[in-house]
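*Asks:* Provide a 3D model corresponding to the input given below.
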Amino acid sequence: MTRTLAVILALLSLATLAACSAPPPQTGDEVQRLATQIRSLGPDIDPKEADRAARIAYSYTAQLVQEYEITDPPLIHNAKVNKGLRPRGLCWHWAEDIERRLKQENFQTLELHRAIANADNSFRIDHSTAIVSRKGDTMYQGVILDPWRYGGVLYWSPLVDDTRYEWVPRDVVLEKRRLEQVARMNLQPGT
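*Replies:* Below is the predicted model of the structure:
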């Protein structure tokens, strides 16, 4: 089996899984549940900041659903973005935009992080997310904010409880890729 065929089969399998995955149930108290989870990150979390972060995470996700023109499961939407049929909506777009919006709040007791999962798989089909933690804590002590996973329905969870992905700090992944690229360039003849 050629590498291209293997990639296509893997993508089809993932698309099938994504299409069959039902979004988590959404209720009117989801914002409050997320705010409570953020407040539980530590006693020094400002409750107003936790409430604001939760409210923004949900309202901005809804805004991005409209801007990104989300009408399909994530992997189908990704294909549309890659073909130029949709403006944005890849996982890293969601992570980048949510992080950017939350950073505008200049939180004093919360910190934002970015993470990537699956960066080491053979197909390089990785997944990006934003994470909110208590100021000074690592991303591993934070809460994932992942609106891509269920196609515009905000998934959140303490990072340690998210067994679907093995998250790595974004900076670590990008530095590893940079070093790999430098090594490849050094191996090329005539360079």
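*Asks:* helix, strand, or coil at the residue most central in space within the chain?
*Replies:* Central residue of the chain (C-alpha atoms, centre = their mean): T129, 1.9 Å from the mean position. Of the three states, T129 takes strand under DSSP: H, G, I helix; E, B strand; the rest coil.
*Asks:* which residues pair with it across the strands?
*Replies:* A115 (DSSP bridges).
*Asks:* how close does it get to R184?
*Replies:* Plainly put, T129 is 28 Å away from R184 if you go by C-beta to C-beta, to the nearest Å. For the C-beta atoms, the positions are set from N, CA and C on the backbone; glycine is no exception.
*Asks:* go on, A117?
*Replies:* 23 Å.
*Asks:* in this structure, which spans are helices?
*Replies:* Here the chain has its helices, by DSSP state H, at 3-20, 30-39, 47-68, 74-82, 91-103, 170-187.
*Asks:* output those as CSV; include the columns distance to W156 and mean neighbour count.
*Replies:* Below are the helices of the chain laid out as CSV (distance: least, C-beta to C-beta, whole Å; neighbours: other C-beta atoms under 10 Å):
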stretch, distance to W156, mean neighbour count
helix 3-20, 18, 12
helix 30-39, 5, 18
helix 47-68, 7, 18
helix 74-82, 16, 18
helix 91-103, 11, 19
helix 170-187, 18, 12
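*Asks:* with that, I have no additional questions.
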